[in-house]
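> Compute the structure for the input listed below.
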Amino acid sequence: MTSSAAAGYELPLLLFGGFRAIIDELHGELARRGHPDMRPAHGFAMQAIGFRGATASEVGRRLGISKQAAGKTIERLEALGYAQLNLYGVSYGTRVAQQYLRHFPGRTRSVILDGVVPMRVALGLTTALDAEHALDDILARCRGQDTCRERFGDPQQDYRAVRKALAEGVALVSIADPSSGEPVQVDFSSDNLAAVLRIGSYSAEYAAILPLLLHAGAANDFGPLAAQYLLVKHSLSEMLAGGMHNSVVCAEDLPFLDKNAINRLRLALATTYMGATQLDGLQAVCRSWPRGPVDADLHAPLESSVPALLLAGGDDPVTAPAYAREAARSFRRGRTVLLEGFGHGQLTAPCMDRVMAQFVARADPAVDLSCLRPVRPLPFFTSLNGPPP
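Coordinates of the predicted model:
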């Protein structure tokens, strides 16, 4: 990232690519649980069919395949029992699932919303504030644990020291690239720090190393932070879907944000590690990006009697737990499950597969959550070797 404007374009793309691993894990878990015939292509076909349905010819054109191939895909979906669906959506997928449910309640048997976006919410306005709050919670959790506090003291002080140092200028770091082993020089900046902290807050596993990285940076050793930034950049660079990200945000979110509210929040945004850079960057992109049509009821309130399970992480930097509680009010047969100390997306949390399997099998939110009681996030690393024994 060579400028604040460039960071505004790059950071959201890095974040958007982070969901690839969740989707891969989902299909792996479906196969292990007796659904080996499920394929990502089925999801593409459903997207091509859309909320209002489509003919085989239309599906073929949208997928770039023949009418005959599209017809076979549709027949396969029907044979697999997709006349009525059990929906699972994570992050942006929760908006898609809720909108499908709104238009096709009779075709929806149950819905699991993981990292929930309420239908009334247009994302972007409080993104930086939510991310800062999640980081505060992560660092407070470290301070509240004896081993983490003894090793790092107050990690908030380290965080403030790192931000202050980078506000005064970039840190010139010479390290071995963690992916190639080749020597590289990194001009580590506040924008790079923002990428590390945001991606690092996405999961409890990544968050476990943040106090260690910040402690090193506060001691003027920016090598670990720079290495982590390169890992983030390399690992997500092949998963970016920039065009799709822009098409969604520029049509479904930015037009619905209150410009006066943006201006009122600028001072508060300036106190966060993300600042207003991402929001300003998206506004700049959307001024010239083609805007597709959206449903007139996209952000209208939703009411449903379909059984719903809503999953939330207590330290989610993207979709705060309050979002799940708000969305739950739309479901007469809904239940919210909160995992304290966890981040964005609960699919891979211990025992969550059993909870989800129970829910789908019975289409009833009155599932047994006892196996979740002992679940805790990964302990914080006190050295590069990992957590203390």
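
> what ranges do the helices span in the stretch 251-389 of the chain?
All helices of the stretch 251-389 of the chain, identified by DSSP state H, counting those that start in this stretch, fall at 259-270, 277-286, 321-328, 352-362.

> Pull out the buried residues from the shortest one.
When burial is assessed from 16 or more other Cβ atoms under 10 Å, helix 321-328 yields the following buried residues: 321, 323-324, 326-328. From N, CA and C alone the C-beta is placed, and that goes for glycine too.

> Distance check, residue 215 against residue 149.
12 Å (Cβ to Cβ, to the nearest Å).

> thinking again about what came up before, need the buried residues of helix 321-328 in CSV with pLDDT and distance to residue 281, can you?
CSV is the format used below for these (pLDDT from 0 to 100; distance: Cβ to Cβ, whole Å):
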residue, pLDDT, distance to residue 281
321, 96, 27
323, 97, 23
324, 97, 28
326, 96, 27
327, 97, 27
328, 97, 32
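
> List of residues touching the lengthiest helix in the chain?
For the chain, the longest helix by residue count, based on DSSP state H, is helix 127-143. Helix 127-143 is contacted from outside by 148-149, 152, 154-156, 159, 197-198, 201, 207, 210-211, 265, 268-269, 271-276, 278-279, 314-320, 341, 343, 377, 380, using Cβ atoms under 8 Å, 6 or more residues apart in numbering.

> Same list (the helices of the stretch 251-389 of the chain) but as a markdown table, adding distance to residue 60.
Listed next are the helices of the stretch 251-389 of the chain as a markdown table, based on distance: least, Cβ to Cβ, whole Å:
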| stretch | distance to residue 60 |
| --- | --- |
| helix 259-270 | 41 |
| helix 277-286 | 31 |
| helix 321-328 | 35 |
| helix 352-362 | 31 |
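
> right, and the ones you listed - which one's nearest residue 95?
Nearest to residue 95 among the helices of the stretch 251-389 of the chain is helix 321-328; the distance by Cβ to Cβ comes to 10.0 Å.

> Now residue 145: closest residue in space that isn't a chain neighbour?
The shortest distance from residue 145 to any non-neighbouring residue, by Cβ to Cβ, 6 or more residues apart in numbering, is to residue 380 (6.8 Å).

> do residue 91 as well
Residue 91's closest residue in space is residue 115 (Cβ to Cβ, 6+ apart), at 4.6 Å.

> quick revisit: would you list the buried entries among the contacts of helix 127-143?
Counted by 16+ other Cβ under 10 Å, the contacts of helix 127-143 give 148, 152, 155-156, 159, 197-198, 201, 207, 210-211, 265, 269, 272-276, 278-279, 314-320, 341, 343, 377, 380 as buried.

> hang on, residue 86 in a strand?
Yes - looking at residue 86 with DSSP: H, G, I helix; E, B strand; the rest coil, it is inside a strand.

> ok, now which ones touch it?
By Cβ under 8 Å, 6+ apart, the contact list for residue 86 reads 109-112, 360, 363.

> please redo it, this time with the cut-off set to 7 Å
109-110, 360 (Cβ atoms under 7 Å, 6 or more residues apart in numbering).
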